[in-house]
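# structure for this input, please:
(3 chains)
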Amino acid sequence: MHIPDGFLSIPVWGTMDVVAVPSIAYLARRAQREFDHHRVPLMGVMGAFIFAAQMINFPVGNGTSGHLVGGALLSFTLGPAAASIVMTAILATQALVFQDGGLLALGANVFNMAIAGVLAGYLPYALLRGRRAGVFLGGMLSVLVSAALALAELLRSGVKMPPAVLTVSIALFAVSAIIEGAITLAVVQALERIEPGFLRRPRGIHGKGVRALAVTSAVLAGAGIYVASRRPDAIEQLAAQTGFSSHARTFFSSPLTDYKAPLAGLIGLLIIYLLCLGVSRALGREGA
Amino acid sequence: MLLVSIATLTQNTLIACALYLALLIAAAAAAGLPIPAMLRGAAAVLPFALCFAVVSALAGDPGRGAMLVVRGYLSALAALLLIATTPMPDLIAGLEWLHAPRFLLQTMQFLYRYLIVLMEEAGAMRQAALARSGSVWDRKLRFRRAAAAAGVLFARAHARARAIHRAMLSRGFEGRLPAFRRIPFRTSDAAFLIVACVLTIAVRAAFR
Amino acid sequence: MSLIVEVSNLSYTYEDGTQALKEIDFELEDGATIALLGANGSGKTTFVHHLNGILPGSGQPSGSIISSGSIIIDGLPMTGKNLREIRKRVGLVFQDSDNQLFMPSVLEDVTFGPLAWGMTQAEAVERAEAALDRVGLRHKADKAPWHLSAGEKKRAAIAGILATDARLLVLDEPTTFLDPPGQRALSDLLASLPQAKILVTHDSAFARGLTGEAVFFDAGTIAARGPIAAMVQRHGWQ
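Predicted coordinates for the structure are as follows:
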């Protein structure tokens, strides 16, 4: 799910970088809380934990095994803001040390996984007050949202995906999401046996917070559908099948379209971002 | 160095790519890096890129697909160049110069410091688990055991973090970590930067 | 000779109710060396963690920070106000050196203490280099901690303490992870240092190489204090 460099078009990775930077700055300040650097060793070590935990095989099928992605788990144990920062640290380290994920695309990857993914993972957990379903859904949504956003960004950059491939990709994402949910739940249960104090017990969110959350979830879902249904290449495919001339095809893939269509998608993403910001502020008041 | 990568990643035509490749190889040679290893390393991104290329070809636009492969490869090579020539502490210091949040950078510093330690712990636990249940065929049991292993690893990581914090307090930590080393920006660095930018932009402009 | 450590009537109970320390009285003269012997869980580590104030609380300087009883380090009573000064004087060397060497390079780690205590970068580096010379690790100053052997890590940790002019060295199980040559090297190094030393250890042979006196911990109390040989014999500690 880490997008390498060279795949995203300039408007896409440019905007994602622009979006990610202030968000991370804001989240860092929130995670830091009054210049308190006492949390740094814990966060660093938890980041290293995620790396190390990825070495553990969770058997899921005939010979296949899944691995913990961990964004949701981090949010349950550190709180969403700190979890975002830790995930960012992980993604940056992966890009800068292990060459996993692009450098220019880092903004996009950070937004997908460290910001949106972590938040999407935390919401069900918080809403369901830490019940098992919340844990499972949290793990699932964190992967689903990250993957959906990555797919959207790739499509918006003009990467070709005929509907068949798209369906397969989405199916794969759904499966990974379910696996992550299962793994996250299993690990949370193991943690509760070892020491219940590891996980934060969210007291639920009341009042306008809930409404903001409901709106956000709706928007996230809506944005996902919106982006998916605006696939330029599906239209292009259709055009080719109904015998449009090659001229029309080049029109679709001309630089003009490349610059205009992303704009609409990016506005959608921007709305998601602003709502996420609002939500995390609301969550913050709950002592998250 | 970063600027070189950025400029590299925005090209569109084939000849430009060949020139960029030459530039990157030259830079690698100048830095004293093993070229074949680097070329192979950058190929790690190829499977991902090739999938898309094949799909593009099937969708009737092979040029785009090929472009994707090339761009992916060149970007990976550029990134590898950066990674191979700059040690992590310098990278972090560079990020601080770019005004990345210090909280994030310090987390990265600790992450990097304890990465190997935790991986060794995880590896040891994996070995122990294998030794005890290598022949267990029940997938559900293995799954739960893996979760238990992850749980124990988590608890150890947590305990270690607490111990580290105590050590920091003992040695005078009162809420602020020391600043990162500042890398001197010598005139040779400036010269390199200018030359690199000029070259990359020239290649790009020449093939607009 | 003045006392560098004066503990009277120290008691400490964990959050879950177990009493870890029961009315401990302890004194150490400046420049002297003593060993703390006793089984796991007898309270040795809990005790030494009180000596620089990281127990009882989470370590934040606050009003009352002792469970009960009094601790005086180098003439300074243990209060929130004195915490900083006390931590400058007490050099605690943890059992797992990886937890102590938390900076990305040896030099950065050894300069951490001096910098934290307010010295300038230049002074800190000068002290760090002197300390590394003392422990014989100057040539590894720029290495990352994971490139060091267990013995080197232990010496690097000690260098970190020496760089800040600690008056009291407290070493918690220093020979863990060390092979016999490493233990010998450590023993020689410690013998050459003039500071007062407290050695928490299982290894009575190692202790005997550095001091004749020991204190025996048993279930949170000091059961006996006297010559090591007698202690070992009486409590069957080999």
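
# from chain A, which residue is nearest to chain B?
A:G44 (2.3 Å; C-beta to the nearest C-beta). Every residue, glycine included, has its C-beta placed from N, CA and C.

# residue contacts, the residue lying closest to that residue once chain neighbours are set aside?
Excluding the flanking residues, the one nearest A:G44 by C-beta to C-beta, 6 or more residues apart in numbering or on different chains is B:F110, at 2.3 Å. When contacts are counted by C-beta atoms under 8 Å, 6 or more residues apart in numbering or on different chains, B:F110 touches A:40-41, A:43-45, A:47-48, B:164, C:102.

# at 6 Å what do you get?
By C-beta atoms under 6 Å, 6 or more residues apart in numbering or on different chains, the contact set of B:F110 is A:40-41, A:44.

# quick one: the helices in chain B?
Under the criterion DSSP state H, chain B contains helices at B:2-8, B:14-31, B:35-42, B:46-58, B:62-85, B:88-97, B:102-133, B:139-170, B:187-206.

# pull up the gap between the residue of chain B found nearest chain A and B:R102, please.
Closest residue of chain B to chain A, C-beta to the nearest C-beta: B:F110 (2.3 Å). B:F110 is 13 Å from B:R102, where distance means C-beta to C-beta, to the nearest Å.

# output the set of residues of chain B in proximity to chain C.
Within reach of chain C by C-beta under 6 Å from any C-beta of the partner chain, chain B has these residues: B:89, B:113, B:116-117, B:163-164, B:166-167, B:169-172, B:178.

# identify the residues contacting the residue lying closest to B:I92 once chain neighbours are set aside.
Using C-beta to C-beta, 6+ apart and skipping residues adjacent in sequence, the residue nearest B:I92 is B:L105, 5.3 Å away. Residues in contact with B:L105 (C-beta under 6 Å, 6+ apart) are B:92, B:95-96.

# and A:M55, helix, strand or coil?
Of the three states, A:M55 takes coil according to DSSP: H, G, I helix; E, B strand; the rest coil.

# number of nearby residues for the nearest residue to it once chain neighbours are set aside?
Distances taken as C-beta to C-beta, 6+ apart place B:A122 nearest to A:M55, at 4.9 Å, with adjacent residues excluded. If you count neighbours by other C-beta atoms under 10 Å in any protein chain shown, B:A122 ends up with 24.

# tell me who's in contact with B:A122.
A:52, A:55, B:153 are the contacts of B:A122 under C-beta under 6 Å, 6+ apart.

# what's the burial count for the last one?
Neighbour count for B:L153, taken as other C-beta under 10 Å: 22.

# now do the same for the residue in chain C positioned nearest to chain A: its pLDDT.
Chain C approaches chain A most closely through C:F102 (6.8 Å), counting by C-beta to the nearest C-beta. Predicted confidence (pLDDT) for C:F102: 91.

# angles on the backbone of it, please.
phi -100, psi 0 (degrees, to the nearest 10).

# list the contacts for it?
Counting by C-beta under 6 Å, 6+ apart, C:F102 has contacts B:I164.

# still on that earlier bit, for the residue of chain A closest to chain B, report the pLDDT, please.
90.

# likewise for the one 3 residues further on?
Note on A:G47: pLDDT of 91.

# so what's it closest to, chain neighbours aside?
Per C-beta to C-beta, 6+ apart, closest to A:G47 is B:L111, 3.8 Å.

# find the residue at the geometric middle of chain C.
C:V170 (1.7 Å; C-alpha atoms, centre = their mean).

# and the contacts of the host helix or strand of that one?
Assigned by DSSP states H and E, C:V170 belongs to strand C:168-172. Outside strand C:168-172, the residues that touch it by C-beta under 6 Å, 6+ apart are C:4, C:45, C:48, C:90-95, C:195-200.

# so for that strand, mean pLDDT?
The model assigns strand C:168-172 a mean pLDDT of 94.

# ok, that strand: who's next to it in the sheet?
strand C:90-93 (parallel), strand C:196-200 (parallel) (DSSP bridges).

# looking at the ones you listed, which is nearest to A:F111?
strand C:90-93 (42.9 Å; C-beta to C-beta).

# so what pLDDT did B:A191 get?
68.

# relative to its centre, which residue of chain C is most distant?
C:A122 (26.9 Å).

# nearest to chain C, of the contacts of B:A122?
A:A52 (13.8 Å).

# surely that closest one is in contact with B:V117?
No: look at A:A52 against B:V117 with C-beta atoms under 6 Å: they stay out of range, at 8.8 Å.

# please read off the pLDDT at residue 50 from the model.
Looking at chain A here, since you left the chain open. In this model, A:I50 carries a pLDDT of 92.

# think we crossed wires, I meant chain C
So, for C:H50, pLDDT stands at 89.

# which other helices and strands contact the helix or strand where it lies?
In the assignment (DSSP H and E), C:H50 maps to helix C:44-51. Contacts defined by 3 or more C-beta pairs under 6 Å, 6 or more residues apart in numbering or on different chains; DSSP states H and E place helix C:44-51 against no helix or strand at all.

# how about 8 Å then?
Using 3 or more C-beta pairs under 8 Å, 6 or more residues apart in numbering or on different chains; DSSP states H and E, the elements in contact with helix C:44-51 are strand C:3-13, strand C:19-29, strand C:33-38, strand C:68-73, strand C:90-93, strand C:168-172, strand C:196-200.

# mind listing what's buried along the first one?
It stands for strand C:3-13. Within strand C:3-13, the residues that count as buried by 16 or more other C-beta atoms under 10 Å in any protein chain shown are C:4-7, C:10-12.

# hmm, which two among those residues are most spread apart?
It's C:I4 and C:S11 that sit farthest apart of those, by C-beta to C-beta, at 21.8 Å.

# so which of the helices and strands packed on helix C:44-51 comes closest to C:A159?
strand C:90-93 (10.4 Å).

# close to chain B, is the helix or strand following the closest one?
As assigned by DSSP H and E, the chain's next helix or strand after strand C:90-93 is helix C:97-100. Yes: applying C-beta under 8 Å from any C-beta of the partner chain, one finds helix C:97-100 touching chain B at C:98-100.

# and those as JSON lines, adding neighbour count and distance to chain A?
Shown next, in JSON lines, are the residues of helix C:97-100 next to chain B (neighbours: other C-beta atoms under 10 Å in any protein chain shown; distance: C-beta to the nearest C-beta, whole Å):
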{"residue": "C:D98", "neighbour count": "23", "distance to chain A": "11"}
{"residue": "C:N99", "neighbour count": "23", "distance to chain A": "9"}
{"residue": "C:Q100", "neighbour count": "27", "distance to chain A": "12"}
